[in-house]
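J.: Coordinates for the following, if possible.
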Amino acid sequence: MADNMHKPAGTVADDPDSFNQSHDLIASNKVEGTNVYSPNDEKIGSIYNFMVDKKSGKVSYAVMSFGGFLGLGERYHPLPWDNLTYDTNVGGYVVNVTREQLDDAPSYAMDEDPWNDPAYGRRVHEYYGTPYI
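T.: Reported below is the predicted structural model:
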């Protein structure tokens, strides 16, 4: 018999999503799609995915989808992960960026891969005024 057959009802074995998160952790599929807000609670986009540093295992960027209509013309804006703060009051991430600032921010289309350029991450950090490590 499988080990989880001996667990009482209502435990982790009964809820597969509970394997994906805890009080301080959250599964990646729960982050993707989460709304991103400006400091004045205006929704400016949503988390498309995030970029993880292969060596350290730390999240480096949240890639936010912004603009477009029904997926057409949508742009992807990497935001340094440390710039985002989760706010339980809005149920999403808050970043100190306006829609207007996003218009000029480093971004890319779905068919582009700027991460092949080692300087791209540096440009993202320079734009948002954060240290590039």
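
J.: Got phi/psi on residue 45?
T.: The phi/psi pair for residue 45 (degrees, to the nearest 10) reads phi 170, psi -160.

J.: Likewise for the one 4 residues further on?
T.: Dihedral pair for residue 49: phi -160, psi -170, per degrees, to the nearest 10.

J.: I'd like to know how far it sits from residue 28.
T.: From residue 49 across to residue 28, the span is 8 Å (CB to CB, to the nearest Å). Every residue, glycine included, has its C-beta placed from N, CA and C.

J.: Quick one: classify the most centrally placed residue in the chain as helix, strand or coil.
T.: The chain has residue 62 as the residue nearest its centroid, 3.4 Å off, counting by CA atoms, centre = their mean. With DSSP: H, G, I helix; E, B strand; the rest coil as the basis, residue 62 sits in strand.

J.: what sits against it?
T.: 31, 36, 47, 50, 78-79, 81, 84, 93 (CB atoms under 8 Å, 6 or more residues apart in numbering).

J.: And residue 49 and residue 28? Which one has more around it.
T.: A count of neighbours by other CB atoms under 10 Å puts residue 49 above the other of residue 49 and residue 28, at 16 against 12.

J.: For that one, which non-adjacent residue is closest in space?
T.: Spatially, and ignoring its direct neighbours in sequence, residue 49 is nearest to residue 63 (5.1 Å; CB to CB, 6 or more residues apart in numbering).

J.: which ones are touching residue 91?
T.: Shown in contact with residue 91 (CB under 8 Å, 6+ apart): 34-35.

J.: And the strands in this structure, which stretches?
T.: Counting by DSSP state E, the chain has strands at residues 35-37, 43-52, 59-66, 75-80, 85-87, 92-94.

J.: closest one to residue 123 among the ones you listed?
T.: strand 75-80 (9.7 Å; CB to CB).
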